[in-house]
Every structure is written in structure tokens, then in C-alpha cells.
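>>> Structure for this input, please:
(chains A and B)
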Amino acid sequence: MKDKSDVLQGTLDMLVLRALQLEAMHGWGITERIGQWSEQVLQLGQGSLYPALYRMERQGFIRSEWRVTDNNRRARYYSMTASGRRYLHDSLAQWRRVSRAINLVLEVTTAN
Amino acid sequence: MGLDDRLSEEIRFHIEQQTEKNLQAGMSPEEARRQALIQFGGVQQTRERTRDEFRGAYLENLARDVRHGLRSLRRHPGFTAMAVLSLAIGIAANAVIFGIANAVLFRPSPVVDPATLVNIYESEADQGLNPLSYPNIEDLRRGTTTTFRGIVASAVAAGRVQYGGTAGAVIGEAVTGGAFGLLGVEPYLGRAIETRDDVARGGHPVVMLSHAYWQRAFGGDPQVIGRTVRLSGRDYSIIGVAPASYRGGLPAITPSFYVPMSMFDEVMGAEALDRRGFHSFFVRARLAPGVTFAQADHAASLVAADLTRTRPDGWTPGQRFSLVPSTDVQILPGVDGLIRAAVWLLVAVVGLVLLLACTNLASFLVARALDRSQEVAVRRALGATRGALARQMLVESALLGLGGSVVGLLLALALLKAVLALDLPLPYGMRLDLHLGLSQATLFDWRVLSLIVGAGLVSGLLLGLFPALRGTRAELGPSLAAGTRGNSGQGLKWRNALVVAQISMSLLLLVGAGLFLRSWQQMLAVDPGFGRAPTSVLAVMMPVSRAAPDSSPRMRRLLERLRKEPGVEAVGLVWPLPLELSSSSTRFTIDGRALPQGQEAFRAQRAWVDGEFFDAAGMTVVAGRTFNDDDRRGNQPVAVVSQAMARRYWPDGDAVGHVLRRPSPGEADLVVVGVVSDIKVRSLGEAPRDVVYEHYLQGDRLPAITYVARTTTDAARMTQTLLAAGREVDPDLRVMQATTMAEHLAMSRLPSQIGAVLIGVFSVLGLALAAVGVYGMVRYTVAMRTREVGIRMALGADAAGVARQLATHGVRLVLVGGAIGAVASLLAARFLATLLFGVGSFDPVALTGAPLVLGLAAWLAAYLPARRASRANPLAALRAE
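The predicted model follows:
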């Protein structure tokens, strides 16, 4: 198994929203946060992060604004909207159902 | 800040942060930046993908929805075809009617500043608005030089055009020089007819072609300017081509060419410009700057008062000029009201057809949304948002709508082609394409196209909106749990309402059609009082010139020539022919008979005839005699009067021998010598009229004459014989109409025939649409009850009973719809009264016939699918679940 893995298809939105759940962050911050949380297993490809951010902004799950960072740099900060919160909630519920189901199947088959 | 700038800054920031991190990890500055770039991946690629995500997404989603919609529609070909075809029929009907109305009535005019133009007519008491005579126009022009910037006269100039090897009778317009300049119409090619082209009588053989005629007869050749065409035996040089948008100054007719007014007499072979009694000139005038309509009206009334004093020969007291703002005139003020009523009726009818089509579409869409409730529930469970699903359904119904537009346009083209190919008995052999400017291009006008596309798109979107919103609201649980096509209550209620609406609209259409068919039937049953036997009709003008100013010897020669023709039983001549567009009237007093208060004379219709006309037309002599050879110029002028007139003025039956005294100086007193049977003179619907017949050799010279020949052989063939004989007597003969009496009478029935046929066709279309609606609804109910039917059949229910029960639901809807429709028809029929002939709005035949037809169609539409279901194999029905 590779020690660094690409984000599983379709879960990117969930991860990004999860990262934004606590506070507004800029793009680089989101990559760093997910890297830390996943103990550096999940490395967000920038090639997919920014398209996803822009898309979710259009879909109304997140919004963005220019802010100044601690060391006085201008950066685009993303924060979650109410609709994004709902979406994350739904997605998580679904994810738990699906992953539980997958686990069940896998455990049954490994047991054999 | 643009999207690209924002993105660049974000990416730059991202890479800088990473570089900084790498520096802290101990890399060299160069290495740190290199690694950061590598880690980020292709910057340009990211930029493009992000941009696409943000911007292209809408289009991309739309494209995906369209693809999905097309696929889904393809999967249900029956549904799709029905929906598209329903809508297409509705759209086609509207496109054709609107297209024709748009081209004929609301044709756009390139005339500059139409608000300062007025149309001028002559009017008198109850005689309606008539065109002017040329001398009256000249008097009006002289008396209003400060009121009008200019006055333009237009008249029909029919001539024989020879160009290259071709020759043919063509309808043109004689127009005052400078008209184009005054109206602000720029020639398309060359120059327009100017004031200098219209100075001396017969002195300006120049011609301007209409755009359509230039295209049709000259192949649109730009080199045509400066060439000559032969027109009525004289060479005319072509000076210009009018723009395509200008259709001349004549009512309804689109002329093929324009000649200066000073050439009118020569082109027509008439001497009309000097005759005060020749009312054939349509007048438009441009108000001088600052002059109001009211001031112009007053100035014209002063001229009229002056004419009453100075021209007692050609201007009767009470006659006046009537001004109408040009923008208020569609064809002629006298008929505009009726035409507008007819157009509105047709618009209402085709509107109903479209509405019926829309209800069908709506009903289909609701059914489809019901069918899909399960699919929708599954997809929402899988995470599709409601918006996305609704959008997809909307795109699908919009696609159906657009499909309806496209197929509708094709249908409309075919329909219009069929209409243009109809051999309608129009006056003067007019043709819809040549003289009314109709063609398939009529539909390719932006207004018509917007109607076609708009109707499809709007109905698709509007009708799709409700199912899209409702259908996607479906709760996950019940739908999935129901497993079958559940969740039906609401949707079914809607479909039922739609079917009821359809039935009532369809009944409304059918009652309308019934009334118009009855009206036509009544019209056919009217006895015009003449022309019942096979009869040929030849309307001609025998050209007059300075060398031969009187055409009556030629008229007589042709009459005598025709009398000898084998197969001719009786031949006579008449002007104007009864039930023709032209008419003539005369004023008279009778000794010892008091005039009504405020009037100076009685008035009656008048026709000039010869003695044999009555026999040729199949009229009977009631008293006295008709004309004979002694009745000619120089002898005592005599008259034959209609029976109605004899009864009115001489109720004791002693009309013969009385004298009609005529106040107009040009008209001699007449001695009544005979009484003939009544005929219809101006319309089939009229009550018997007072008619004075004068001998054609005892009155003024006639502008035209119509030969009427009763024959033992085929009337159409005899017309050709008449034509050949006419050409022999006068090689320069101008033929205005060569037809049969049957055709001529058909012409006067044409409006009610067109009304009956059009409304009949549209109501049949409406009925078909309603039947499809009922059929679809019953089939759908049946499909939902397949299991129930299966069980009942398995338990031994008989097929007929099941079918009846399944159909009952449909029949009940039909009854409710029928009741509503009946009330609506009774209300609507009242508005039709002005357009109907001889039929009350409560015509029992129409009011019982229409529901019967509708009932039968609806019963079939309901019963057929029900019966099919009841024939189904019970096992198969059960297994289907």
C-alpha cells in the first residue's frame, strides 16, 4: 500500500467542507489541514482542489472573501454556508451508510 | 477583479506558502520554490480546469441535460411523437393564420411618418366610403394646397405586358408622380416615378416594377433599368424597382408595376381621368407641417361644399370627403370591421386549438412525472439535488416544445402550400400568391417565427414547470415502498381536470364549426334570382382612344356575333354584373309621391343592360316589356324596374308607364316600360332591392361590360368561345374575368365557405386532439389498474363489463366537460352573430350535432383502450407486476 493516497473519488467535497467546518481558511490552509488530520496520508492535488472550491462556491456550499493573513499577506478565505453544512451532513450520513456496508461486505469475504 | 486575476493570486499565494514551508524544512530557496511548483502540479492546467468549473458549468450542465433529455425522449417514442405532434398541430394552425393576417392585414409599410398620412374617401348618406373620381381629386387638391403637402392617387391599372417572348395580363397601379417621394419610399433600384413623369396625358411611358414582379418576371436582373417592356401596346421604359416592403396604395392588392397617373387612360384603354362618375381612385394625403387632422377634415368639407355649388353634375348634396388616419386603415374602412372580426374569430379558434394541444402536452407531462416518481425517488436517494432533477425535467419539456415548433413550422409550410394551391374563386382572377403577396416566405417573417418558436418554448417550459416542481418533491419513503406506480391521487386529479378542459374547448370549437357549416348551407340554399342555368360570363373592357372614343358599336357587334354562336341560347350584356364588387346607383323622384323628410330624391341600384340580358340571366318578365331595338340613344329613355321596386312605389301593380324624374343633370328622365323578377344585387344576404335597369345605349358610356351567355353546352367551354369571339371583334380587348356563372356565384359565397371550411378543419383538429387526450387518460388509468383487472378477470368477471367500467371514468369526465362546453358555446355563439348568415346563434342543428359528434369521438377514445385492457390475458396482467 502506498503511504500517500489520492483522495477517494467523490469524497473531496466532504473533506473540504469538513476542513472548513471549524473556521474559514485559504486554499493552502485546507491542504495543510487535511494533510495534518490524515497524518499526511491524504494529499490534496492542487489540480483538483481549486476546481472543487470554485465549483462548490457556485453551488452555494461555500463562499469566499479576501482577507489578510497573520503575516500580512492577502489571501482568499473560504467559509461554509448553511447549505454547505446541510450538504456535509447529508454526505456524511450517506458516507457512513455506504462505508459501513462496504466494510460489512469486505469483512464477510475476508472471513471466508 | 476578474476571475483569472483572482485565481492567479490564489495560486501564487499557495505556491509562496508552500515555498516558505519548504524553506523552513531546510531546503535552499531555489529548491524550495522548485519543489513547491512540482507539488502544485500543472499551474496552467489547474487554472483552465478551475475556470471551466466556474464558467462552463452552466453550458456543460445544459448540454448534459439536453443529451439526457433527448435520450429519455427517444426511449419513449410514442409519448414523444404524440406530444410533439399535438403541439405541432396547434402551432401550425396559429402560424398559418397569423402568417396570412400578418402579411395581408398588418403588413409593415416602409412609409415615412405614417402618423401624418390620411386616407380620403367619398361618402354619401348610407353609401359607405368609396374611392374618389379623378376630377374630384383635382378639385380637392386645388382647394387644400395649404392643408396637405401633397395628395397621392392610386388606381388599379390592368394591362397586357410583353417582355422578351412572354406576354400576360398583369395587375399594376397607376400612381401620382412624386408619390414615392411624398411617402418617403426609396426605390430599390433606379429611380421612382417623379412629378416630372406625370405631367401630360399619355406623354410619359415609364414604368417602375414591384420587387416581387422584378424577381418573378425579370429574374431580378439589375440590368433591367433602361430597357423597355411593351404595356398595352406601347413601349414603356423601365426606370426603377420599388422596395420589397412597399406594396402600393391599393386595398389588399399588391401591384406588379407602377405607371404615372397620366398614363392611366392609355394603359386601361379607358377615358376615366376626366369622368366625375368613375370612382376608382384611392387617395392618401400627407398633412402639411403643423396641420391637424381636424383642420384637414374641415378644409376638405369646405371643398365639398364648394363642389355642391359649382359641380351639380357630378357632386350630389350630402356627398362629402371622408378622412381617415392612414394608420387606422387595414384594407378599406368599410370592410375593416368585418375583417377584424373574422381575424379575431380565427385567432380565437386557432388559439383554442393551441390550448387543446397544450392541455394534451400538460396531461402527458403530468403522466410522465407520475411514471417517474420512483426513478426520481431513487435518484434523490443517491444524492441528486432536487434542483438538478427539476432542471432536467424542464429541459426535457422545453425540448418537446421546441420539437413542436420545428414540426409545427414544417406542418405550417405544408398547410400554407395547400392553401396557396387552392383554386379560390377570387374576383378578377386574383391569386393569393401574385396579388396578395402570399408565399411560403410569409412564414419566414420574424414575427411569425417568434410566434412559432415562442409558442413551443413557452408552452414546453410553462407546462413542464408544474410537473417538474411537484414531481421532484416526491418523498423518498412512500414512493420507494409503494414499488408500483403509486402516488397517483394528485396527478390523476390534474389529468382529469385537463381532460374536462379539453372536452369543453373541443365542444366550443365544434359548435362554432356547426354554426358556420349551417351558415354556408343557408348561403348555398339562397336563390340569387339569376344564373341558375349553365351560363358563361365574360367581363371585358373595350379600349377607347381619341380615334375610337365610343366602344358601344363594338359592344353591339360582339353581342350580335355571339347570338349566332351555336350552343348559345340567349346572350346579353350588363354592367355592373350583380354580385360583383362594383355597383352603381341612381337618384330619382316620382310625381305625386312625397319624399322622406330631409331627402331630395329616392335612390335605387342601377344596371345598364340590353334587352336579352334578362332572358340570358334566367330572370322573368313580370309586367310590361324589356328593351328592344327602338330603345337607343335619341329615343325616349326607358327603364325596367325590379319587382320589389314596383311593389314599393306602385303597389297597385301599375308601374308601367310611370316616369322616374332624375335631378342629376347628366341623367334623363325614364319611362318605366317593364317589371322583372327580383335578384340579389350586392350580397346574397340582402332583402330584395329596388333596381332600375337602363338600356346600355341610352346612358353614359360604360367603362366595362359583362357578357352573359346561357348555353346548352358546357359553360366553361362556352366561355372560351366567347373569349375568342371577343378577340376577333376587338383585338385589343382587355379581359377582366372569363368565367362561368357558377364560379361567379361561388365567389359571393366564398367568405362563408372559407369560414365554414377553416373553422370546420380547425374544429376537427381540435376534436382529434381532445380524443387523443381522452384516449391517453383512459389508457393511463387502465395501465395503473392492470393488476386489479387481472384479478377480476381471473375471478371470472366478463370482459365487456370490465371494459365498460374502465371506460365509465372517461365518460364521466366527458359529460362534465360537455356541460361546461355547452354553456361556453351558448355564450360565445352570441358574438358570432355578425359573421353568420341565416342562422341564429341558437341553431338547434349545430347545438345538438356538435355534442353528438364529440360524444361519439370521446366514447370511442375512452372505450378502445378499456376494451383492449379487458381482452388482456389475466395471467400476463398479474405477472406484469
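
>>> So for the residue nearest the centre of chain A, what's the nearest residue that isn't a sequence neighbour?
Among the residues of chain A, the one closest to the centroid is A:Leu15, at 1.7 Å (CA atoms, centre = their mean). Excluding the flanking residues, the one nearest A:Leu15 by CB to CB, 6 or more residues apart in numbering or on different chains is A:Ile34, at 5.6 Å. C-betas here are computed from N, CA, C, even on glycine.

>>> what do you get for B:Leu684?
Nearest-residue entry for B:Leu684: B:Val526, 4.7 Å, with adjacent residues in sequence omitted and distances by CB to CB, 6+ apart.

>>> Give me the number of neighbouring residues for the one you found.
When neighbours are counted by other CB atoms under 10 Å in any protein chain shown, B:Val526 registers 17.

>>> can you tell me the average pLDDT over the top helix by length along chain A?
Counting by DSSP state H, the longest helix found in chain A is helix A:82-111. Average pLDDT, helix A:82-111: 83.

>>> in it, what's buried?
Across helix A:82-111, burial judged by 16 or more other CB atoms under 10 Å in any protein chain shown covers A:Gly84, A:Tyr87, A:Leu88, A:Ser91.

>>> surely the last one meets A:Met14?
Yes: distance between A:Ser91 and A:Met14: 4.9 Å, which falls inside the contact criterion (CB atoms under 8 Å).

>>> Next, give phi and psi for the residue nearest to the centre of chain A.
Recorded main-chain torsions at A:Leu15 are phi -60, psi -50, according to degrees, to the nearest 10.

>>> quick one: it from B:Trp446, how far?
53 Å (CB to CB, to the nearest Å).

>>> Next: B:Ala468.
Distance from B:Ala468 to B:Trp446, by CB to CB: 30 Å.

>>> count of residues packed around B:Leu826?
Around B:Leu826 there are 14 residues (other CB under 10 Å).

>>> Tell me which other helices or strands the host helix or strand of it touches.
According to DSSP states H and E, B:Leu826 maps onto helix B:799-832. Under the contact criterion of 3 or more CB pairs under 8 Å, 6 or more residues apart in numbering or on different chains; DSSP states H and E, helix B:799-832 touches helix B:489-525, helix B:741-784, helix B:786-794, helix B:844-871.

>>> Take those and lay them out in a markdown table including distance to B:Gln44.
What follows is those, written out as a markdown table (distance: least, CB to CB, whole Å):
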| stretch | distance to B:Gln44 |
| --- | --- |
| helix B:489-525 | 52 |
| helix B:741-784 | 55 |
| helix B:786-794 | 59 |
| helix B:844-871 | 61 |
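
>>> by how many degrees do the helix holding B:Leu826 and helix B:741-784 diverge?
140 degrees (axes from the mean of the first three to the mean of the last three CA atoms, to 10 degrees).

>>> How about B:Ile503, nearest residue that isn't a chain neighbour?
Sequence neighbours aside, B:Gly817 is the residue nearest to B:Ile503 in space, at 2.6 Å (criterion: CB to CB, 6+ apart).

>>> Let me know the pLDDT of that neighbour.
For B:Gly817, the model assigns a pLDDT of 89.

>>> And the one 3 residues further on, by the same measure?
Looking at B:Ile820, its pLDDT is 91.

>>> From chain A, how far out is it?
Note on B:Ile820: its distance to chain A, by CB to the nearest CB, to the nearest Å, is 46 Å.

>>> Surely that residue touches B:Val500?
Yes: between B:Ile820 and B:Val500 a contact is recorded at 6.8 Å, counting by CB under 8 Å.

>>> Give me the more crowded residue out of those two.
Ranked by neighbour count (other CB under 10 Å), B:Ile820 and B:Val500 place B:Val500 first, with 21 against 16.

>>> Go through stretch B:855-867 and flag the buried ones.
B:Gly855, B:Ala857, B:Ala858, B:Trp859, B:Ala861, B:Ala862, B:Tyr863, B:Leu864, B:Pro865, B:Ala866, B:Arg867.

>>> Run through the neighbouring helices and strands of the helix or strand hosting B:Arg160.
Take DSSP H and E as the rule and B:Arg160 turns out to sit in strand B:148-163. Counting contacts by 3+ CB pairs under 8 Å, 6+ apart, strand B:148-163 is packed against helix B:134-143, strand B:166-175, helix B:179-183, helix B:211-218, strand B:228-231, helix B:264-268, strand B:282-287, strand B:734-740.

>>> Next, the angle strand B:148-163 makes with the fourth one.
Which is helix B:211-218. Relative orientation of helix B:211-218 and strand B:148-163, computed by the same axes, to 10 degrees: 20 degrees.

>>> How about the last one?
Strand B:734-740 and strand B:148-163 are oriented at 70 degrees to each other (the same axes, to 10 degrees).

>>> And for the second one?
Using the same axes, to 10 degrees, the direction of strand B:166-175 lies 170 degrees away from that of strand B:148-163.

>>> repeat for the first one
Helix B:134-143 and strand B:148-163 are oriented at 150 degrees to each other (the same axes, to 10 degrees).

>>> what helices or strands is helix B:134-143 leaning on?
Checking 3+ CB pairs under 8 Å, 6+ apart, helix B:134-143 ends up next to strand B:148-163, helix B:293-310.

>>> In TSV: those, plus mean neighbour count.
TSV is the format used below for the helices and strands packed on helix B:134-143 (neighbours: other CB atoms under 10 Å in any protein chain shown):
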stretch	mean neighbour count
strand B:148-163	22
helix B:293-310	16
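
>>> got these as a markdown table, with mean pLDDT columns?
Below are these laid out as a markdown table (pLDDT from 0 to 100):
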| stretch | mean pLDDT |
| --- | --- |
| strand B:148-163 | 89 |
| helix B:293-310 | 91 |
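
>>> Looking at these, which is nearest to B:Ala601?
Closest to B:Ala601 of those, according to CB to CB: helix B:293-310, at 14.3 Å.

>>> What strands flank the following helix or strand past that closest one, and is each parallel or antiparallel?
Where DSSP H and E defines the elements, the next helix or strand beyond helix B:293-310 is strand B:319-325. Strand B:319-325 pairs in its sheet with strand B:117-124 (antiparallel), by DSSP bridges.

>>> moving C-terminal of the strand it pairs with, what's the next helix or strand?
Counting by DSSP H and E, the next helix or strand C-terminal to strand B:117-124 is strand B:129-130.
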